[in-house]
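Asks: Pasting a predicted model and its sequence here:
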Amino acid sequence: MPDVLDATPYDALLLLSFGGPEGPDDVVPFLENVTRGRGIPKERLKEVGQHYFLFGGVSPINDQNRALLDALRKDFAGHGLDLPVYWGNRNWAPYLTDPLREMAADGRRRVLVLATSAYASYSGCRQYRENLADALAALEAEGLAVPRVDKLRHYFNHPGFVEPMADGVVASLAELPEDVREGAHIAFTTHSIPTASADTSGPAEEHGDGGAYVRQHLEVARLVADAVRERTGTEHPWQLVYQSRSGAPHIPWLEPDICDHLEERHAAGVPAVVMAPIGFVSDHMEVLYDLDTEATARARELGLPVRRSATVGADARFAAAVRDLVVERAAVERGQDVTPCALGALGPSHQVCPVGCCPARAPRPAAAGADSPYA
Ligand SMILES: CC1=C(CCC(=O)O)c2cc3nc(cc4[nH]c(cc5[nH]c(cc1n2)c(C)c5CCC(=O)O)c(CCC(=O)O)c4C)C(CCC(=O)O)=C3C
Ligand SMILES: [Fe+2]
């Protein structure tokens with residue numbers, strides 16, 4: 001018999017993800033959902049639609065989430081954590097309101113949310129909380145009992161997130177031709193966001209100079225690079241770079257872009273590059289298209305050997321990390337002393353997003369934070 005772990009006061013976990021199309025007919029309505037009111041140029045949308053059509057209109061994200069659900073349920077059952085896991089998305093079916101209705105019907109009163117986004121930022125955190133508030137309002141309008149929802153803290157520096165990525169980089173280095181392996185650089189990539197949004201990411205005291213978004217990514221890059229050096233005995237120079245920029249060209253977004261970076265490295269005589277997509281929890285269209293297709297083609301034109309390392313996905317260590325975060329947060333809610341697990345220098349992230357964390361351009365209600373209208 002495994003030890004019994006205590007999730008009290010929580011009675012459910014909600015896996016909350018971005019969502020993605022599962023066939024050609026889904027692509028345009030999905031893109032409309034994602035970009036409603038976001039001011040993305042029509043041209044860019046057409047172009048991004050083509051990325052999806054190239055893969056039959058199917059994003060890998062939903063199957064990745066199904067695999068993660070399985071991994072979480074197995075891990076919880078194997079460790080005596082009796083907590084049902086539900087799944088819903090912000091932008092595609094199953095929509096967030098579906099599991100929330102189900103939870104209301106199942107009598108769940110306290111729900112913990114695991115977002116498939118590890119870092120601070122409006123897009124990666126507050127927007128998830130805004131969509132939660134909208135979904136709760138919809139339930140309320142239907143006369144359903146609305147559960148209280150809390151969000152797990154950012155897990156970017158949890159060993160269960162960092163270690164699988166370090167393994168991935170080590171594996172990608174090993175795949176490179178032997179004569180260029182030793183001198184390979186690592187390009188850690190994440191989603192570009194407007195610099196104004198980066199600068200205001202995280203709690204107010206972390207704003208400025210790229211904010212919590214850039215600092216958290218730099219920390220993960222350093223942690224992975226350190227782990228890789230320990231394992232390979234080689235110091236591979238690294239840099240944090242960006243991908244998947246959208247929005248109007250006159251608005252500054254985080255740079256350099258991965259493709260420009262590959263050109264620059266090649267011109268500087270770097271013999272090979274491993275692209276490590278630390279900004280993504282699993283394989284998304286951004287990974288399949290922007291890295292595996294576009295950036296890889298650019299590298300081939302240059303004659304620069306590149307490999308793309310694995311995302312964390314449904315790795316058992318990530319599932320175990322989620323269990324650890326659930327048990328930690330439950331103990332915090334019960335008023336018990338806990339030692340939150342985190343690697344590196346930044347320390348564990350806040351348990352509850354404070355007022356003013358990752359502000360929106362136009363303020364809207366957001367659940368699961370200090371400024372939630374739902375206590
Ligand atoms: C920080 C961040 C993450 C990481 C955190 C997280 O994982 O949440 C992320 C993830 C994702 N982004 C995704 C898809 C899209 N993002 C878009 C647009 C945008 N993303 C932004 C930021 C982020 N995005 C921003 C600032 C915009 C501009 C519009 C706006 O201000 O909101 C657009 C519109 C077209 C375009 O312009 O690219 C699409 C289609 C998918 C699903 C992919 C799949 O289907 O596999 C995933 C996981
Ligand atoms: Fe995005």
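Replies: Thanks, I have it. Ligands and ions are numbered 1, 2, ... in the order given.
Asks: is it true that residue 158 touches residue 346?
Replies: No: using CB atoms under 8 Å, residue 158 is not in contact with residue 346, being 11.5 Å away. From N, CA and C alone the C-beta is placed, and that goes for glycine too.
Asks: Quick one: mean pLDDT over stretch 177-196.
Replies: For stretch 177-196, mean pLDDT rounds to 98.
Asks: buried stuff in it?
Replies: In terms of neighbour count (16 or more other CB atoms under 10 Å), stretch 177-196 has its buried residues at 181, 184-195.
Asks: That stretch near ligand 1 anywhere?
Replies: Yes: against ligand 1, stretch 177-196 shows contacts by CB under 6 Å from any ligand atom at 191, 193.
Asks: what separates that stretch from the chain centre, distance-wise?
Replies: Chain-centre distance of stretch 177-196: 18 Å, with CA atoms, centre = their mean, to the nearest Å.
Asks: Could you do stretch 252-263 as well?
Replies: 20 Å.
Asks: picking up where we left off before, point out the ones among the buried residues of stretch 177-196 that are inside helices.
Replies: 181, 195 (DSSP state H).
Asks: For the buried residues of stretch 177-196, give me CSV that also has distance to residue 9.
Replies: Formatted as CSV, those follow (distance: CB to CB, whole Å):
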residue, distance to residue 9
181, 51
184, 48
185, 47
186, 42
187, 43
188, 38
189, 39
190, 34
191, 34
192, 39
193, 34
194, 38
195, 40
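Asks: C-alpha coordinates for the helix or strand harbouring residue 240, PDB please?
Replies: Applying DSSP states H and E as the criterion places residue 240 in strand 238-243. The C-alpha trace of strand 238-243 is given here as PDB (Å, rounded to 0.1, in the frame of the first residue of the first chain):
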ATOM      1  CA  TRP A 238      24.100  29.300 -24.900                       C
ATOM      2  CA  GLN A 239      21.700  32.200 -25.500                       C
ATOM      3  CA  LEU A 240      18.000  32.800 -24.900                       C
ATOM      4  CA  VAL A 241      16.200  33.600 -28.200                       C
ATOM      5  CA  TYR A 242      12.600  34.000 -29.300                       C
ATOM      6  CA  GLN A 243      10.200  32.500 -31.900                       C
END
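Asks: Now do the same for the residue in the stretch 201-350 of the chain positioned nearest to ligand 1: its pLDDT.
Replies: Using CB to the nearest ligand atom, residue 246 is the residue of the stretch 201-350 of the chain that sits closest to ligand 1, at 2.6 Å. If you check residue 246, the pLDDT there is 87.
Asks: same thing with the one 10 residues further on?
Replies: Each residue has a pLDDT score; the one for residue 256 is 98.
Asks: again, but for residue 3
Replies: For residue 3, the pLDDT comes out at 69.
Asks: Determine the number of other residues adjacent to the spatially closest residue to residue 209 that is not a sequence neighbour.
Replies: Once flanking residues are discounted, residue 209 sits nearest to residue 199: 7.0 Å by CB to CB, 6 or more residues apart in numbering. Counted with other CB atoms under 10 Å, the neighbours of residue 199 add up to 18.
Asks: how about the helices in the stretch 51-200 of the chain?
Replies: Assigned by DSSP state H, counting those that start in this stretch, the stretch 51-200 of the chain shows helices spanning 61-78, 97-105, 127-141, 159-175, 178-181, 195-199.
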